[in-house]
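> Sequence and predicted structure below; questions after.
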Amino acid sequence: MSSNRLPGKILLPVAGKPMLQYLLERLQYAGWGDQVVVATSNREDDLPVAEFCKRFGARCVRGSLQDVALRFLQVLDRYPAGLFVRLCGDSPLFDPQMIESALGLAAAGEWDLVTNVAPRTFPPGQSVEAVSVAAYREAYSWFRDAEDFEHVTKFFYKHPERFRIRNFEAGRPYPGLHFAIDTPEQMAEFAASVARMDRPHWEYGLEDVVRLYERGAGA
């Protein structure tokens with residue numbers, strides 16, 4: 001809720017529902033709903049996020065605003081796992097197929113991190129990271145810089161010699177497309193794309209979303 005460029009963006013309404021609900025619904029209809037945990041801060045202004053999760057039926061863990069990495073450890077302490085998938089809540093049209101791609105690669109090799117952002121070839125708003133919990137706990141013990149605690153996995157990318165990292169890339173370029181919501185203009189583009197949908201939003205994969213945005217750009 002403390003976004004500088006678009007305060008409260010995660011719960012801003014689009015077509016009658018909060019932005020966060022779009023991502024949760026897309027994960028739910030892809031079969032991941034009962035494994036999703038929303039990690040938000042314990043600040044008072046993030047209480048509405050926790051209350052929304054309760055109403056929606058999503059699990060929620062609250063922790064430090066600055067130490068987001070510790071927040072993830074708190075999630076893992078409460079819900080133990082060998083691997084976790086990190087998504088950003090400001091990506092309402094994220095394609096869950098990205099999770100399948102990341103987990104498929106993770107299952108096929110001994111990777112500490114499977115990602116599609118090193119380098120980024122998919123549009124912002126389609127980012128996914130599948131992280132080994134054992135590697136993450138070890139990495140956290142080495143964190144020293146504020147950016148490491150804030151950005152969760154940045155330490156992995158800064159020290160690729162320490163970790164087994166596998167990146168997967170898009171099959172084609174996506175120039176100029178941006179599906180993460182950081183500004184009022186991006187929120188307006190998202191809302192306009194939702195208005196152009198003629199079926200439930202969770203039925204729109206990446207290429208469908210691209211066409212929606214391109215239709216708006218050509219209007």
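Thanks, I have the structure now.
> Every contact and neighbour count from this point should use C-alpha atoms.
Fine.
> Please report the distance of residue 81 from residue 130.
Distance, residue 81 to residue 130, by Cα to Cα, to the nearest Å: 12 Å.
> who's more crowded, those two?
Counted by other Cα atoms under 10 Å, residue 81 and residue 130 do not tie: residue 130 has more neighbours, with 23 against 12.
> Can you say which helix or strand has the closest residue to that one other than its chain neighbours in it?
Once flanking residues are discounted, residue 130 sits nearest to residue 85: 4.3 Å by Cα to Cα, 6 or more residues apart in numbering. Per DSSP states H and E, residue 85 falls inside strand 83-86.
> ok, residues contacting that strand?
For strand 83-86, the external contacting residues (Cα atoms under 8 Å, 6 or more residues apart in numbering) are 99, 128, 129, 130, 131, 132, 133.
> pretty sure the fourth one belongs to a helix, no?
No. Under DSSP: H, G, I helix; E, B strand; the rest coil, residue 130 falls outside any helix and is assigned strand.
> Give the PyMOL command for selecting the buried subset of the contacts of strand 83-86.
Remark: buried members of the contacts of strand 83-86, expressed as a PyMOL selection using 16 or more other Cα atoms under 10 Å:
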select buried, resi 99+128+129+130+131+132+133
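> that older thread, which is the next helix or strand following the strand holding residue 85?
helix 97-108.
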